[in-house]
Each structure stands twice: as structure tokens, then as C-alpha cells.
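only geometry, no sequence info:
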């Protein structure tokens, strides 16, 4: 069995090994940038080109994970390649699991079908993707499950328990079913969102007037667009490839209602921060380009800071490699920006919002400035709440507890915070 970084203990002064190697994200970036260069050269700004970008990003990461990191040999996969069970011995288990998977997918399709929201605007593209892909997935699931179950140390996972409940078999564990449904709820909700925003991000970056990039502000906005293309591409790949042979399966989905509440109110259709929403902090404000107009040097410096913050946000997603996902545990990350902070994405995202919106400045009244600043503070508080609920979930893993203890003592951001308050 290959060395498994998730099983290696760390001393109090040693950062635990990361579940993902640096090379995985770099391989994905190389593939994505190669396709970006080709798309820019020929002006391929359509949704099909955006989907090809996912393949260009995913294939190098899969190759690196299997050929270099050899993640398929880790004990955390739950796979023993050296002791395959006879097909006849595992066939009934596999068929029960397939029944559970089909029931899950049918339930998701029903929820999509009755949710009018999913058939309007950008989400219609996500539904189009699912309509084409899911019949293929449903067919390929049969040989895949029959094959992988021969090698799994414990094939009776949540899908099996759901299938056993459906078919009236004994030995059903309700908590296993709940965990299975939570994991698929995460995939169904967030994958639809990622596919919905993917074409727009892609087109916004590719469809650009090159001459306009001589303007520093336009260049800044274009580079910020690039960072969001990277972020969305890696995140979408992560939601798709939750596979055990890649060691990218979902170990557990967050079981706490507070975590789901904090996360869902940051995304449509539940989002509270959108235009006209109760936490919309934009009325009475203008963004940084308005306040720094006519000051090219200040605009260039401020824009560079915003690009840097967005790059840090994208890097935090790239660091996940194949494992990005909200509300789940898919292995503990301790490398890249996660060697500086437990939550680099939330930190950089909120700093970006504060610096790009500048809510304390207003085109209206003093009340508008106070209201915008207060609402922005509430939004930041929600992300702090999200961070704490994630820590509560991941803290069930001793590797995360070791990482969290190390971060408290040695992480750059916690140490800076202590210095800031004189502790």
C-alpha cells in the first residue's frame, strides 16, 4: 500500500502532510492555460469551449494523481487492489448499491424538475448538461460499480444502505443513508451552480477587445476575470470527480444544520447578498474605479491589490486539485495558502469585497454609508460563521485537529492577528 499522507501523525511543531500534492494543481493549471491560449487565439468564447476547459483542467490532474502521487494506492481510498473478490460474491451488493444510486438520482431529477428556478436563465445550461450526461452516467455506473466493488474493503456504503432500505433487506443503518443523501445534496446543489456560471465567466474572459487592455483598469478587470475562470473550472471539476480510485471521494458531508444554513444563504436561490436582497450592501455606493477615477497611479496600485487578492482566492481552489467541494470532508489540505491560514479563500474574498466596494464612501447620505458598512460587516460575519461550522465538521478528523493546532502556533495569519492585538 502506498504511503498515505493523511495517516502520518505530526508533532506539535510539524505541519501535517497535505492530502493533495502541489503538482496536482500545477498540472491542472498547465492544462487549463493551454486551452485558454488556444481559445484566445481563435476567439472560442462559447459554452462548449467552457466545457472543454473542464476536460483540459481535469485530465492532467487525473494523470498526475495516478502516475506521480499514486493516490489510488492509499489506504484512505478504502480499496485493496491486491485482494479482488469474485464477481459472484459481490454482485448482490453491487446491484443493491445501484438501486440506491438510481433512487438518489431520480430524487435529484425530481427536485430539479419541480424547481422552476433551475429552468430559467443560466441554470438552464446546467440542466441541459445533466440531460445529456446523466443517461450515459446511469449506463456506465453498472460496469463501474460491479468492478470497483470487487476491490472495496467495505462495499456496503451509503448507497448500499439506501438500496437495502428500498428493497427491504436487513442491516440498514439510517445514519449511513443520511450521510449518503447529504453528500449527494452537496453535489446536486453546487454542481448545478458551477455549471450555471461557467459559460459566463469563460465568455467574459475570452471575448475581450485587446486594445482596451492598454487601460490599467480594464487590464485589472480582465485579470480578475481570469482568476474567476480558474476558480470555477477547478471547483466544477472537483464536484464531478468524487471517485474513490482518485482518493477524491467524499469522506463525510457536514452533518450540522448551522453549516448548511451559513453556506446556502451565500448562493442562489437562497442568497441574501444579491441585488435587492436583505444583505445587499451596494445601494448608495460605487466601486473603486469610481472613487479613483482621474488618479491613474492610485488606480493601478489598488487594482494590483485586488488582482492579488483574487489570485489568492483562485489559488485556494487550485490547491484542492480534484477535491474542491463545499460542506464536505475529502482530505485535509495543509499546503499552499492553507499553510498560512485555515480559510485563505474566505479571507481573500472578504478583503476583496471591502476594498472593491469601499462601503464607507457613499454617493448618497451618511446613513447610506453606515448602512452599507454595517451590511458588509454582516456578510463578513456570515463567512466567519461558515468557517467555524466547517472547523467543527473537519475537527472530527484527528489530522485536522493536528493541523489546526499547528496553524494556531505557526500560521502566518494567526500570528499576525495576535501581533495586531498585542497578544
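Great, that's in hand. Note that this is a predicted model, so its numbers are computed, not measured.

Can you check which helix is longest in this protein?
Taking DSSP state H as the criterion, the chain has its longest helix at helix 174-206.

Which other helices and strands does the next helix or strand after that one contact?
Per DSSP states H and E, the first helix or strand lying C-terminal to helix 174-206 is helix 216-240. Under the contact criterion of 3 or more CB pairs under 8 Å, 6 or more residues apart in numbering; DSSP states H and E, helix 216-240 touches helix 22-42, helix 47-67, helix 174-206, helix 296-318. (Glycine included, C-beta is placed from N, CA and C.)

which helices and strands sit right next to the last one?
Contacting helix 296-318 under the criterion 3+ CB pairs under 8 Å, 6+ apart are the following elements: helix 22-42, helix 216-240, helix 288-291, helix 344-357.

Please identify the most buried of the ones you listed.
Compared across the helices and strands packed on helix 296-318, helix 216-240 shows the largest average neighbour count, a mean of 21 (mean count of other CB atoms under 10 Å).

mean confidence score for that helix?
Across helix 216-240, pLDDT averages out at 97.

quick check: angle from that helix to helix 344-357?
150 degrees (axes from the mean of the first three to the mean of the last three CA atoms, to 10 degrees).

if we look at the next helix or strand after helix 216-240, which residues are touching it?
As assigned by DSSP H and E, the chain's next helix or strand after helix 216-240 is strand 252-253. Contact with strand 252-253 is made by 179, 182-183, 185-186, 327-329, 393, 396, as judged by CB atoms under 8 Å, 6 or more residues apart in numbering.

Can you give me the neighbour number for residue 305?
By other CB atoms under 10 Å, 16 other residues sit near residue 305.

which ones are touching it?
residue 355.

gap between it and residue 312?
Per CB to CB, to the nearest Å, residue 305 is found 11 Å from residue 312.

ditto for residue 263
Distance from residue 263 to residue 312, by CB to CB: 21 Å.

Would you mind listing the residues in contact with residue 361?
285-286, 291, 369.

Could you list the low-pLDDT ranges of the stretch 101-250 of the chain?
By pLDDT under 70, the stretch 101-250 of the chain contains no weakly predicted segment.

let's go with 90 and repeat that
Residues of the stretch 101-250 of the chain that meet the criterion pLDDT under 90 lie in 208-212.

repeat for the stretch 301-423 of the chain
Where the stretch 301-423 of the chain drops to pLDDT under 90, the residues are 417, 419-423.

show me where it has strands.
In the stretch 301-423 of the chain, the segments counted as strands under DSSP state E, counting those that start in this stretch are 328-329.

Pull out the buried positions in stretch 69-82.
Within stretch 69-82, the residues scored as buried using 16 or more other CB atoms under 10 Å are 69, 71-74, 76-79.

Just the terminal-to-terminal distance for it.
19 Å (CA to CA, to the nearest Å).

again with stretch 155-173
End residues of stretch 155-173 are separated by 14 Å (CA to CA).

same deal with stretch 250-268?
So stretch 250-268: terminal residues 23 Å apart, CA to CA.

Over to stretch 315-329?
19 Å.

picking that back up, tell me the buried residues within the contacts of strand 252-253.
The neighbour count (16+ other CB under 10 Å) marks 179, 182-183, 185-186, 327-329, 393 as buried among these.

and stretch 325-335, which residues are buried?
325-335.

so can I have TSV of the residues you listed showing distance to residue 32?
Converted to TSV, those look like this (distance: CB to CB, whole Å):
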residue	distance to residue 32
325	19
326	21
327	25
328	23
329	26
330	20
331	22
332	25
333	19
334	24
335	19
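
And the buried residues of stretch 69-82, which is closest to residue 356?
Of all the buried residues of stretch 69-82, residue 69 has the smallest distance to residue 356: 36.7 Å, by CB to CB.

ok, now which ones touch residue 236?
Taking CB under 8 Å, 6+ apart, one finds 54, 191, 194-195, 198 in contact with residue 236.

Now with 10 Å, please.
Contacts for residue 236 (CB atoms under 10 Å, 6 or more residues apart in numbering) come out as 50-51, 53-54, 57-58, 190-191, 193-195, 197-198, 324.

again with residue 386
258-259, 261-263, 265-266, 326-327, 343, 346.

is it possible to export these to TSV including distance to residue 210?
As requested, the contacts of residue 386 are exported to TSV (distance: CB to CB, whole Å):
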residue	distance to residue 210
258	47
259	44
261	45
262	41
263	38
265	39
266	35
326	36
327	40
343	37
346	34
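
most surrounded residue in those residues?
Within these, most neighbours by other CB under 10 Å means residue 327, with 25 neighbours.

Near the closest residue to that one other than its chain neighbours, how many other residues are there?
Distances taken as CB to CB, 6 or more residues apart in numbering place residue 254 nearest to residue 327, at 4.4 Å, with adjacent residues excluded. Residues within reach of residue 254, counting by other CB under 10 Å, total 22.

and residue 254, what pLDDT?
98.

Just the endpoints, please. Distance across stretch 277-292?
End-to-end distance for stretch 277-292: 27 Å, by CA to CA.

ok, now stretch 61-74?
17 Å.

Make residue 1 into 890 and carry on from there
All set: I'll call the first residue 890, so the last point we hit is now stretch 950-963.

how far out from the middle of the chain is it?
Between the centre of stretch 950-963 and the centre of its chain there are 20 Å (CA atoms, centre = their mean, to the nearest Å).

Give me the common contacts of residue 1194 and residue 1201.
Here residue 1194 and residue 1201 share the contacting residues 1240-1241, scored by CB under 10 Å, 6+ apart.

can I get the helices and strands packed on helix 1105-1129 in JSON lines with distance to residue 1013?
Below are those laid out as JSON lines (distance: least, CB to CB, whole Å):
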{"stretch": "helix 911-931", "distance to residue 1013": "23"}
{"stretch": "helix 936-956", "distance to residue 1013": "11"}
{"stretch": "helix 1063-1095", "distance to residue 1013": "8"}
{"stretch": "helix 1185-1207", "distance to residue 1013": "25"}
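
And what about residue 1168, helix, strand or coil?
coil (DSSP: H, G, I helix; E, B strand; the rest coil).

circling back: nearest to residue 994, of the helices and strands packed on helix 1185-1207?
Per CB to CB, nearest to residue 994 of these: helix 1105-1129, 14.3 Å.

between that closest one and helix 1185-1207, how big is the angle?
Orientation note: helix 1105-1129 sits at an angle of 10 degrees relative to helix 1185-1207 (the same axes, to 10 degrees).

Closest to residue 989 out of the buried residues of stretch 958-971?
Of the buried residues of stretch 958-971, the one sitting nearest to residue 989 (CB to CB) turns out to be residue 967, at 17.0 Å.
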